[in-house]
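Engineer: what's the 3D shape of this:
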Amino acid sequence: MQLQLSKENGMLRKKEYWTQRLIVLAVALGFAVPAAASMTATLTVGGSEQQINGAWDQSSITLSFNNFSETVTYGQFSSAASIASALAAMFSRDYAAQGLSAKASCPPNTTAITFTLQGTATFGVLSIGDPTGSFQVSSASGWTSVSTAGGSGPVITQLSLSEGPAQMGLVITGTNFGSTPSVALNGAAMTVMSASPLTVQVPNGATIGNGNIVVTVNGTASNTVPFKVDPAFGCN
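Structural biologist: Numbering: from 1, shown residues only. Alright, predicted model coming up:
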């Protein structure tokens, strides 16, 4: 048995040796050596961390394609480069077995990501989820198409007031609010007094203290923005 195994191992080593020699000879003679098939796609993360009503924007970016998906959260010290690096590392870590790799570009363009998919499969629809007031994905190429989950989601950029009592009105500034947005404060519905500009009223019975306002359009929620509910005027 040992003698048989030794013969088989010897034949395998000879086969590997001659295969390598043939490749070297083909290159020396100018013949192209076919590489493993692969497809690539790229995108760029843009933007910068913003303050909304004096508080740092805290949200997330989700990328999904070909049944792969990753979400990166960000906050005060985040940058486009750090988000790109985190996304590339997460995709490579979690989907290497499926033939996917991702690499964030070297300086100076550190916000670009190149995805490589081994084999003949193509990159399908790139879905960009979770609206963000600070960071966006742009310059995507190599994908069948690019879409924002739920369409162009609502994004809050500013509140006219950072605090106020029940029944106080305030204006919400942002994008993609549509004509029939719904607004909530800590999950409680706020009365929409006007859709343009988006003007709402702090609901009666709102819990005193710090909270968050969210705008929802067609089932897609915006980023959250801090709002403090004060006691009614004249009360201690």
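Engineer: report the residue ranges of every domain in this protein.
Structural biologist: Here the domain parsing of the chain from automatic domain parsing is 1-34, 38-148, 155-229.
Engineer: pretty sure residue 183 is in a strand, no?
Structural biologist: Yes - counting by DSSP: H, G, I helix; E, B strand; the rest coil, residue 183 falls inside a strand.
Engineer: distance of it from residue 51?
Structural biologist: 21 Å (Cβ to Cβ, to the nearest Å). Just so you know, the C-beta spots here come from the backbone N, C-alpha and C atoms, and that holds for glycine as well.
Engineer: which of the two has more neighbours?
Structural biologist: Between residue 183 and residue 51, residue 183 has the larger neighbour count (other Cβ atoms under 10 Å), namely 24 against 12.
Engineer: surely the more buried one touches residue 195?
Structural biologist: No - when contacts are counted by Cβ atoms under 8 Å, residue 183 is not listed as touching residue 195 (10.3 Å).
Engineer: tally of neighbours for residue 211?
Structural biologist: 20.
Engineer: so which strand or helix has it?
Structural biologist: According to DSSP states H and E, residue 211 maps onto strand 209-217.
Engineer: what residues does that strand touch?
Structural biologist: Strand 209-217 is contacted by residues 153-154, 156, 159, 172, 174, 176-178, 180-186, 190, 198, 200, 221-229 when judged by Cβ atoms under 8 Å, 6 or more residues apart in numbering.
Engineer: how about stretch 182-192?
Structural biologist: For stretch 182-192, using Cβ under 8 Å, 6+ apart, the contacting residues are 172, 181, 198-203, 205-207, 211-217, 227, 229.
Engineer: CA atoms only: put that stretch into CSV for me.
Structural biologist: Output of stretch 182-192 as CSV, limited to C-alpha atoms (Å, rounded to 0.1, in the frame of the first residue of the first chain):
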residue,chain,number,x,y,z
SER,A,182,-46.2,60.7,8.0
VAL,A,183,-44.2,61.9,10.9
ALA,A,184,-43.7,60.3,14.3
LEU,A,185,-42.1,61.4,17.6
ASN,A,186,-40.9,58.4,19.6
GLY,A,187,-43.3,56.3,17.6
ALA,A,188,-46.3,58.6,18.3
ALA,A,189,-47.9,60.2,15.3
MET,A,190,-47.4,63.9,14.8
THR,A,191,-50.1,66.0,13.2
VAL,A,192,-49.0,67.1,9.7
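Engineer: distance of the closest residue to residue 141 other than its chain neighbours from residue 109?
Structural biologist: The shortest distance from residue 141 to any non-neighbouring residue, by Cβ to Cβ, 6 or more residues apart in numbering, is to residue 42 (5.4 Å). According to Cβ to Cβ, residue 42 stands 10 Å off from residue 109.
Engineer: quick one: which of these two has more around it?
Structural biologist: residue 42 (16 against 11).
Engineer: list the residues that contact the more buried one.
Structural biologist: Residues near residue 42 by Cβ under 8 Å, 6+ apart: 112, 113, 114, 115, 139, 140, 141, 142.
Engineer: how far does the helix or strand where residue 173 lies sit from its chain's centre?
Structural biologist: Take DSSP H and E as the rule and residue 173 turns out to sit in strand 169-175. Remark: strand 169-175 is offset 25 Å from the chain centroid, using Cα atoms, centre = their mean, to the nearest Å.
Engineer: just the buried positions in that strand, please.
Structural biologist: Within strand 169-175, the residues that count as buried by 16 or more other Cβ atoms under 10 Å are 170, 172, 174.
Engineer: starting at the chain centroid, how far to the strand holding residue 211?
Structural biologist: 21 Å.
Engineer: before I go, just wanted to say thanks for your time.
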